[in-house]
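**Q** Fold the following, please.
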Amino acid sequence: MEFNKEFDASGLACPLPIVKTKKALSDMSSGQVLRVIATDPGSVCDMAAFAEQTGNALLEQSTEASKYVFYLKKA
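**A** The predicted structure is shown next:
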């Protein structure tokens with residue numbers, strides 16, 4: 001999937017992946033896609049809840065080499 005910006009939250013524990021994802025999205029324009037990489041298993045539930053609460057679309061989530069990858073589209 002194509003993306004405009006990438007943020008690597010590997011090694012960060014809750015709530016830092018969400019806090020930093022929110023900051024990364026704030027610098028982006030509506031419709032742009034952010035790719036987030038995380039290692040915290042809690043980020044799977046957190047990212048879905050974050051997307052729902054903020055109105056940003058969680059386009060896709062997957063696991064690659066024991067890392068969680070999310071694609072968020074800014075509202």
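**Q** Spatially, what comes nearest to the residue nearest the centre of the chain if we skip its sequence neighbours?
**A** In the chain, the centroid-proximal residue (C-alpha atoms, centre = their mean) is Val36; its distance is 4.1 Å. Closest residue to Val36 apart from its sequence neighbours, by C-beta to C-beta, 6 or more residues apart in numbering: Phe70 at 4.5 Å. The way it works is simple: take the backbone N, C-alpha and C, and place the C-beta from them, glycine included.
**Q** do Ser30 as well
**A** That would be Lys74: by C-beta to C-beta, 6+ apart, it lies 5.5 Å from Ser30.
**Q** does the one you found really touch Met28, like I thought?
**A** Yes - with contact defined as C-beta atoms under 8 Å, Lys74 counts as touching Met28 (4.9 Å).
**Q** Could you name every residue contacting both of the two?
**A** Leu34 (C-beta atoms under 8 Å, 6 or more residues apart in numbering).
**Q** picking up where we left off before, what's opposite the residue nearest to Val36 in the beta bridge?
**A** Here Phe70 sits in beta bridges with Val36, Gln61, as judged by DSSP bridges.
**Q** List the contacts of it.
**A** Here Phe70 is in contact with Arg35, Val36, Ala38, Ser43, Met47, Leu58, Glu60, Gln61 (C-beta under 8 Å, 6+ apart).
**Q** go on, Ala48?
**A** Leu58, Gln61.
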